[in-house]
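J.: sequence first, predicted model second:
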Amino acid sequence: MIDAMDIQITKVERSKINEVDFNNLPFGRYFTDHMLEVDYADGEWKTAEIKPYQPLLLEPSLAALHYGQAIFEGIKAYRNKDGHAYIFRPYDNFKRFNISAERMQMPAVPEEIFIEGLRRLIQVDKNWMPNKEDYSLYIRPIMFATDTSIGVKPSDTYKFIILLSPTGPYYAAPMRIYVEEKYTRAAPGGVGFAKNAGNYGGSLKAAADAKARGYDQVLWTDSTEHKWLQEVGTMNVFFIFGNKAVTPSLEEGTILEGVTRDSAITVLKEMGLTVEERKINIDEVIDGYKKGTLSELFGTGTAATISPIKELRYKDFVMQFETEKWKISPTLKKLLTDIREGRKEDKHGWMVKV
Ligand SMILES: *Cc1c(COP(=O)(O)O)cnc(C)c1O
């Protein structure tokens, strides 16, 4: 295993930071001056390098492009009010990355590379860390198969890369959501719990069909009855009934275990709500809507934190919500944001100093 001290650093001759307008940062558009790159071969991870962000030279026979051994993560780092950079729960993403790797028959990435490499990369590109409220540095680790042979088998070689992208405030506009009954994102025994590239390619058609009907995204349902609720687009989903929050449980392996989901569960409990992780179907949601007990519903994820749902459509039945009157999810969002940006005490040790 490599030591953090072994990371080779080659810096850019001239930073491109002045070419980026920090007042206009569309999500995922700009990348910092450097990236971390590590190759896996002969059963071991080679020396990690931090080098100028640059194109990769790859052969068309690259295994990842043919059979999809490719996984990723999404993490955010914030500048605290004391000026220091902190990463939000990176160990949770590190663990999840290796769970995805195992499912896709890829090697585990050691903590020294994932966490130490990430910290060193942020140190090198620290000027890119926005210094404004609600701004952050989005972190994108990826790993993919690099064998140049088109037999279907786990690759013997891989590349692990971390990219950094400065991002501005993400206004989570209330969403209009279509309950999906035709397409399936994840089935028991499948790969729904893994953050592998193919899950996202496979979801684009459903999202496009929902858009054509005037909706922003789909609410995924189970693969057999199309009644049991899974996730909203690429976010976990929560339903608030009175003083109770319900979110789909993880045991079937059809749901991505979101770090924001886990943080929301913790903070909702601290707010005095009861949180139930269990199966929930669309009939219960419709019943709650008709009785007036369903008060709020929202998605959770690193990019937008909390995204309210203002309209939910199941077949011809349309449920509408006055999101501007909601109390619980705006409070949850503010508490999470305040912890991440250092305005509120970090009781759970979620913030890791760079
Ligand atoms: C990444 C992701 C989430 C959210 O996970 P976070 O760790 O909260 O960002 C939820 N669902 C899917 C399908 C995802 O890919």
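T.: Received, thanks.

J.: can you list the residues of the stretch 1-150 of the chain near the ligand?
T.: Counting by Cβ under 6 Å from any ligand atom, the stretch 1-150 of the chain comes close to the ligand at Gly74. (Each C-beta comes from the backbone N, C-alpha and C, glycine too.)

J.: repeat the analysis, applying 8 Å as the threshold.
T.: 73-74, 92-93, 96 (Cβ under 8 Å from any ligand atom).

J.: which members of those occur in strands, if any?
T.: Using DSSP state E, no member of those sits in strands.

J.: how about a markdown table for the residues you listed, with pLDDT added?
T.: Formatted as a markdown table, these follow (pLDDT from 0 to 100):
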| residue | pLDDT |
| --- | --- |
| Glu73 | 98 |
| Gly74 | 98 |
| Asp92 | 98 |
| Asn93 | 98 |
| Arg96 | 98 |
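
J.: quick check, nearest of the residues you listed to the ligand?
T.: Using Cβ to the nearest ligand atom, Gly74 is the member of these that sits closest to the ligand, with 5.2 Å.

J.: how many residues are close by the nearest residue to the closest one once chain neighbours are set aside?
T.: Nearest residue to Gly74 in three dimensions, chain neighbours excluded: Thr302, at 4.7 Å (Cβ to Cβ, 6 or more residues apart in numbering). Thr302 is flanked by 22 other residues according to other Cβ atoms under 10 Å.

J.: repeat that for the one 10 residues further on.
T.: For Leu312, the count of nearby residues is 25 (other Cβ under 10 Å).

J.: give me every residue that touches it.
T.: Residues in contact with Leu312, defined by Cβ atoms under 8 Å, 6 or more residues apart in numbering, are 177, 179, 219, 285, 289, 297, 318-319, 321.

J.: which of the residues of the stretch 1-150 of the chain next to the ligand are buried, as a ChimeraX select command?
T.: Provided next is the ChimeraX selection string for whichever of these are buried by 16 or more other Cβ atoms under 10 Å:
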select :73,74,92,93,96
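
J.: widest-spaced pair of the residues of the stretch 1-150 of the chain next to the ligand?
T.: Within those, Gly74 and Asp92 form the most distant pair, 11.6 Å apart (Cβ to Cβ).

J.: for the protein, which spans come out with low pLDDT?
T.: Along the chain, the model assigns pLDDT under 70 to residues 1-5.

J.: give me the most central residue, it.
T.: Residue closest to the mean C-alpha point of the chain, counted by Cα atoms, centre = their mean, is Gly74 at 4.3 Å.

J.: got the domain ranges for this structure?
T.: 4-167, 175-340 (automatic domain parsing).

J.: quick one: contacts for the residue nearest to the centre of the chain?
T.: By Cβ under 8 Å, 6+ apart, the neighbours of Gly74 are 93, 138-140, 195, 301-303.

J.: mind doing that once more with 7 Å?
T.: Counting by Cβ atoms under 7 Å, 6 or more residues apart in numbering, Gly74 touches 138, 140, 302-303.

J.: just curious, which of those residues is nearest to the ligand?
T.: Closest to the ligand, out of all of the contacts of Gly74 and judged by Cβ to the nearest ligand atom, is Thr302, at 3.2 Å.

J.: tell me how far the closest one lies from Ala77.
T.: 11 Å (Cβ to Cβ, to the nearest Å).
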